[in-house]
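1. quick one: sequence plus predicted model below, questions after.
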Amino acid sequence: MQTAKEIMTPDVLTIQASASVAEAMGLMRQKKMRDLIVEPQEQDDAYGIVTEADIVYKVAAAGKNPESLTISEIMTKPCIEIDPGLTGIEVAQLFAEHHIHRAPVVKGKLLGIVTVFDIVRETMWWQG
């Protein structure tokens, strides 16, 4: 079984917590991404995450203006961080336990992101 570091996507889009939700939406649309990792605001601070579901449920469905909301108002922080040495099965177990679909891979710094799709792709080994 491969590790999280082996199945993760190393190219991660990040955003500052002070950015507007509208900025995040534009970046996500432009890069065709479903999530952004929120940079720590201080050295020992945790990473956060903002997903398209956050925007739909916390902004659009609530009738709020994405121009006047900041990422810090809708993000999940701290988010579950994945150790790069965890196996795909261990990551899947964490995802199931916490009802999440993606998480940053962190070991002192941001290394990448692992998603449910990465786990599915990893477990398809038996299909050749």
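-> Alright, I've got the coordinates.
2. can you point out the buried residues in the helix or strand bottoming out on mean pLDDT in the chain?
-> Using mean pLDDT, DSSP states H and E, helix 116-123 stands out as the lowest-scoring helix or strand of the chain, at a mean of 87. Buried positions in helix 116-123, judged by neighbour count with 16 or more other CB atoms under 10 Å: 118-119, 122. C-beta coordinates here come from the backbone N, C-alpha and C atoms, glycine included.
3. and if you look at stretch 96-116?
-> 100, 102-106, 110-115.
4. got the end-to-end distance for that stretch?
-> Using CA to CA, to the nearest Å, the end-to-end distance of stretch 96-116 comes to 10 Å.
5. check the offset of that stretch from the chain's centre.
-> The chain centroid and the centroid of stretch 96-116 are separated by 6 Å under CA atoms, centre = their mean, to the nearest Å.
6. follow-up on the earlier one: of the buried residues of helix 116-123, which is the nearest to residue 90?
-> Distance to residue 90, by CB to CB, is smallest for residue 119 among the buried residues of helix 116-123, at 10.2 Å.
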